[in-house]
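Chemist: A predicted structure for the sequence below; I have some questions about it.
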Amino acid sequence: MVPLFLLLVCIPVAVVVGRLDGMPTARLLDRALDLSTLPAPLRAHVHQVLFVPLGALVVVVARLTLGVRALGVLSPILIALALPVTGVVPGALFVTCALAVSTLVVRPVLRSHGLPYSARVAALLSGVAILMLLPLVLVRHAAGSGTTGFAYFPVVALGLVTERFADTLNREGLLISVGRTLVSLGEAIVIAVIAVQLHGADLLMRHPELLLVQMFCVVAVSVHLSPRLVERHIAPHVDRYTVARGLRPPPPAPRRKKRRTDTTERTRGKQLPA
């Protein structure tokens, strides 16, 4: 950890100190590193890119420290990109409706026709795109409808979340899939609040050297702050309750490996009688 600390913490801290007012290197470093002076379209794109490191840290803390599982690592980050445009409540409701329609209606129809996995995913993405454009078609002429934000929802994010939800539903049951979806939405809301409301993305745009500190925080959490509290203390009780109530099948019993005996190995080294 010491070499990583020197590389990922000491260097960016030295750069931050060198950018303080009154330092002889402040003007040079500001001109080289400050991304807030970019043109407006490019600055907006960089602002979205900075959601990724902020979201990665949130997902790692939730998974390793708290011990809660989401629908993958990328799903909360991609959903968080759309929440500032659609709004937190409308965006969460839209994801919930899209999951319900895609999983309960579209996916069973596709599977009933015997389509392979790749074809199902492709058709599912097409259905997700239709769901995204449907609000625009229905109420686009209504004054102040605010539906244009759904057009900016990442279609890949919604398709990925839908497929992860359906896969978890098949393997783990309804309760687990709904729980992981709620965790993903909660993490997405936290990421959006940190990036937009708390101006985390603006801070990284002005001081991109702090991205090295973010990488060190991810490593430090995985090494020193990974008790997985929920997974160790709460999840076993939930599993017993759900299995007892019939909400999920019991986990398969571990298979014992058969111990093979080799007569050649047993007799090796022994002298045969004359």
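Modeler: It's in. Residues are numbered from 1 along each chain as shown.

Chemist: so what pLDDT did L115 get?
Modeler: What the model reports as pLDDT for L115 is 79.

Chemist: residues near S177, how many?
Modeler: Look at S177: counted by other CB atoms under 10 Å, it has 21 neighbours. For glycine as for every other residue, the C-beta is placed from the backbone atoms N, C-alpha and C.

Chemist: helix, strand, or coil at it?
Modeler: helix (DSSP: H, G, I helix; E, B strand; the rest coil).

Chemist: contact partners for it?
Modeler: Shown in contact with S177 (CB atoms under 8 Å, 6 or more residues apart in numbering): F165, T168, L169.

Chemist: show me the residue at the heart of this protein, geometrically.
Modeler: V73 (2.8 Å; CA atoms, centre = their mean).

Chemist: give me the nearest residue to S226, chain neighbours excluded.
Modeler: Leaving aside its sequence neighbours, S226 sits nearest to L64 (CB to CB, 6 or more residues apart in numbering; 3.8 Å).

Chemist: you'd agree that neighbour is up against V223?
Modeler: No: L64 lies out of contact with V223 (CB atoms under 8 Å); the separation is 9.5 Å.

Chemist: report the longest helix in the protein, please.
Modeler: Looking across the chain with DSSP state H, the single longest helix is helix 117-139.

Chemist: list the buried residues in the host helix or strand of G91.
Modeler: Element membership of G91, judged by DSSP states H and E, is helix 88-101. Within helix 88-101, the residues that count as buried by 16 or more other CB atoms under 10 Å are P90, G91, A92, F94, V95, A98, L99, V101.

Chemist: still on that earlier bit, neighbours of the residue nearest to S226, how many?
Modeler: 20.

Chemist: enumerate every residue touching it.
Modeler: L64 sits next to V221, S222, L225, S226, R228 when contact means CB under 8 Å, 6+ apart.
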